[in-house]
Every structure is written in structure tokens, then in C-alpha cells.
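here's a sequence, model it:
(one chain, ligands or ions: 1)
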Amino acid sequence: MKSAFASLLLKWNKTTRQRSMPWRGEKDPYLIWLSEVILQQTRVEQGMPYFLRFKKKYPTVKHLALAKEDEVMKLWQGLGYYSRARHLHFTAQYIYRELKGKFPNTYTDIRKLKGVGDYTAAAIASFAFEENKAVVDGNVIRMLARVFGIKTPFDTTAGKKEFATIAQSLIDAEKPGIYNQAIMDFGSLVCLPQSPLCATCVFRKTCVAYNKDLIEDFPVRAKKTEIKNRYLNYLLFRNSKQLLVQKRNEKDIWKGLYELPLIETTKVTAPKSIEKEIKSRLNLAEFKLTERKAYTQMLSHRKIYFHFYEVEVADWASLKWDGAIKTPIRQICNYGFPKTIHLYLSQNSLL
Ligand code: SF4
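Take a look at the predicted model:
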């Protein structure tokens, strides 16, 4: 039997014109997966061109599986959270090779794929295969917390369990795909984080947060996000035809992307100290260091301080920097760089 909540939600859904999005109504599990991964931590407007580019270049899981990692990373450039692209590529290869190209068709099997969490598995299972599995994302949590006055912090184990149980108890078992799309749309169009549209909301008669005037108190969060600072000093070594670049292979932000030779420090560091560090790492005694540009960039848990330096060396042929390769300048447009490095290289007409 349909819950009263589901009836109201679906009624709202019928009478509301939804934004047109290229993945709406999609039944191909691969394309649903692609859109959901792109939309994690990303606004629809920002994610849409990436989805269209990926869909065009890799229309099937096989196309993505056979692509080179550098190519996938390059296409993802600018979208951030690069582990998403690496997992996407890895999982496409797994589906192609191990599952003979057949996308799993149950929540349990989809959830086993690398990089696929509860939310994405529920979205694919319900949209593509009409499996009765409720999605729980930030929009759903906010709305359920307000409507039912749920005080358990959503970022705790108990909270995750409670929200998942309540969401599952409300779903319309006959139309799980439409219901899931509707509840996410409702959270992003009506029950907004700031200034929700309560005056016209179909839940306002029973909504606990609205009736107790406690909208800003929901949802409840337990942890405060701690912001860590990182200090990245990048060195531009170049001559008229080449420059040094290196791939980020460590388990860290931007893994799989390219960068310039790097000196990471624990605080903003004076050029004199950077010069000393270069001396200890470079195989050449003679070089000239010039400070060029500084930027800051906020990521979800980090503030990154970038300092770019140019290092001129007289003996280009002998130049070596551990881990870096000499690359023709005309080819660096084929490499994926983190946003700020890309900006610096573009501003210096290198991209
Ligand atoms: S009444 Fe307001 S707070 Fe409650 S569900 Fe509707 S929009 Fe959200």
C-alpha cells in the first residue's frame, strides 16, 4: 500500500514541470551510473556538459573500458573529485572484462562495484530495473529530517541507518523509479537548504520543522568539517619547446592527473627556502628562481595555497627532476591538469 507521504509526493510530481535533463527517464544502467557519478558533489549545470561529452565519446561501457586512463582524466578535467573518474574507468573495465560487458541488474550486485555506494546503487536499480530501493542523498535527508522532525545526526552510523529505514518505508513499491526521482527533485526544488518554499509546500500541514518553526535546525549534523591547509609550490622548468611535467601517482588529491615539479611545504615558504630545496634536489648547480604567481583554492576539506615559480636553467639537456619528464609544449594540451595548474599554464600561453 502506498504511504500518505508517497501519495502527496507523487501528486506534487504530476503537477510540477521538471527541469529537462539529458539523463531524465534514462533506462540504460551505464548512462544512469555515468550521470550519477558526475552529479556527486557537482551542480547539475556544471555536470551537464560533462555528461554529454562522456556520453558522446564513450556511449557504452565497452567504449569507456577500452579508453586510456589519461584520456578519461583529461575529459574529467575541471570537475574535481578525480577519484570518481578513476573508479568509473576501473569499474567499466571490470564490467567489460569480468562480467562480459553486462551491467549488473540488482541493487546487491550493483553495490558490489568499486566506487558505487548505497545511493548510486539504489538510483541505478530503481531507475533502470524498477527495483524497490529508496535513494537517500542530501536532498532526501534534509526533507525527511524536516517533515518528520528527525533529530538523529545524519552523519552518524545510527543516523544513516535511521534515514535509510524511514526512506525505504515510504517508497511507492509500484513506481520506485518515479518515486525516487520525485523525492530528489522535491528536495532540490522545494525543500531547499536555505529559504525552502514552505508556503506552497504539499507537506506543510504535517511538516514538523515548519509547524514548530525549526526549519533551520534540520537536518542535524554531528561533526564539524575540519579544514586542512596544503602549501604547494610549483616549479615551471621550460625552454622554447619543452617543459617538465609529472604524473600524480600517490594516493592523494588529483591522483592520475599531471602537474609541474612540486615542492610541498607545511606553511607559506619564502623563495630563499624554496631555492635551497631546489638545490638539494636538482642535478644542476646553476639556476635562477623567479616567483610568478600565487592562488588559493578551496576544496571540500582543504584550502590549497599555490605558489608558482619559474626556474631558468642554462643546461636544459642535462636537466633532471626526479619523477618528471620533458614534454613538448605543443602536446601538453593532451594532459589533464588540476584546475589551478591549468589556469596558470593558460595564463602563460602554454595551453
Ligand atoms: S513545509 Fe517547508 S520544510 Fe517542510 S517539507 Fe515543505 S518545504 Fe520542506
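
how much space separates the residue nearest to Ser188 when sequence neighbours are not counted from the ligand?
In this structure, Ser188 finds its nearest non-sequential neighbour in Asn139, 5.1 Å apart by CB to CB, 6 or more residues apart in numbering. Any C-beta I mention is one placed from the backbone N, CA and C, and that applies to glycine too. Distance of Asn139 to the ligand, given as CB to the nearest ligand atom, to the nearest Å: 11 Å.

pretty sure Asn139 is touching Phe186, no?
Yes: with contact defined as CB atoms under 8 Å, Asn139 counts as touching Phe186 (7.5 Å).

picking up where we left off before, element containing the residue nearest to Ser188?
Using DSSP states H and E, Asn139 sits within helix 138-148.

contacts for that helix next, please.
The contact list for helix 138-148 (CB atoms under 8 Å, 6 or more residues apart in numbering) reads 5, 134, 150, 154, 163, 166-167, 170, 183-184, 186-188, 191, 193, 196, 203, 206-210, 215, 218-220.

could you restrict these to the ones contacting the ligand?
Cys191, Pro196, Phe203, Cys207, Ala209, Tyr210, Ile215 (CB under 6 Å from any ligand atom).

kindly present the residues you listed as TSV, with separate columns for secondary structure, neighbour count and pLDDT.
Formatted as TSV, these follow (DSSP: H, G, I helix; E, B strand; the rest coil; neighbours: other CB atoms under 10 Å; pLDDT from 0 to 100):
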residue	secondary structure	neighbour count	pLDDT
Cys191	coil	26	96
Pro196	coil	21	94
Phe203	coil	21	96
Cys207	coil	21	96
Ala209	helix	24	96
Tyr210	helix	21	95
Ile215	helix	17	93
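
now, the most widely separated pair of those residues?
Phe203 and Ile215 (12.0 Å; CB to CB).

so what's whichever residue of the stretch 251-351 of the chain sits closest to the ligand up against?
Across the stretch 251-351 of the chain, no residue is closer to the ligand than Ser300, which sits at 25.0 Å (CB to the nearest ligand atom). With contacts defined as CB under 8 Å, 6+ apart, Ser300 is in contact with Gln41, Thr225.

doesn't it lie inside a strand?
No: going by DSSP: H, G, I helix; E, B strand; the rest coil, the assignment for Ser300 is coil, not a strand.

quick check: phi and psi at Ile341.
Per-residue torsions, Ile341: phi -70, psi -40 (degrees, to the nearest 10).

may I ask you to confirm that it is in contact with Leu232?
No: using CB under 8 Å, Ile341 makes no contact with Leu232, being 9.1 Å away.

show me which of these two is the more surrounded one.
The neighbour comparison of Ile341 against Leu232 (other CB atoms under 10 Å) goes to Ile341, with 25 against 21.

grab the nearest non-local neighbour of that one.
Closest to Ile341 by CB to CB, 6+ apart is Glu259, at 5.6 Å.

Leu235: neighbouring residues, count only.
23.

let me see the contact set for the closest residue to Asn348 other than its chain neighbours.
Nearest non-adjacent residue to Asn348, counting by CB to CB, 6+ apart: Leu236, 7.5 Å away. Contact analysis of Leu236 by CB under 8 Å, 6+ apart lists Leu243, Leu260, Arg292, Phe308, Tyr309, Glu310, Val311, Asn348.

would you mind measuring the gap between the ends of stretch 193-200?
Stretch 193-200 has an end-to-end distance of 16 Å (criterion: CA to CA, to the nearest Å).

was I right about Ser3 contacting Ala173?
No: if you go by CB under 8 Å, Ser3 and Ala173 don't touch, sitting 9.9 Å apart.

hang on, the earlier thing: find the residues that touch each one of Ile341 and Leu232.
Common neighbours of Ile341 and Leu232, using CB under 8 Å, 6+ apart, are Phe306.

give me the pLDDT for Met1.
What the model reports as pLDDT for Met1 is 65.

what's the burial count for the residue nearest to Val313 when sequence neighbours are not counted?
Spatial nearest neighbour of Val313, chain neighbours left out: Phe287 (4.8 Å); criterion: CB to CB, 6+ apart. A count of nearby residues for Phe287, using other CB under 10 Å, gives 17.

so that it lines up with my notes, have the first residue be 860 from now on.
Sure, I'll start counting at 860 from here, so that last one is Phe1146.

distance check, Phe1146 against Met1157.
33 Å (CB to CB, to the nearest Å).

cool, Arg1080 as well?
19 Å.

residue boundaries of the strands in the stretch 1010-1159 of the chain?
1087-1096, 1101-1106, 1117-1118, 1121-1124, 1147-1157 (DSSP state E, counting those that start in this stretch).

look up how far the ligand lies from Lys961.
Lys961 sits at a distance of 40 Å from the ligand (criterion: CB to the nearest ligand atom).

let me fix that: Gln952
Separation of Gln952 from the ligand (CB to the nearest ligand atom) stands at 42 Å.

over to Ala1032?
In terms of CB to the nearest ligand atom, Ala1032 sits 22 Å off from the ligand.
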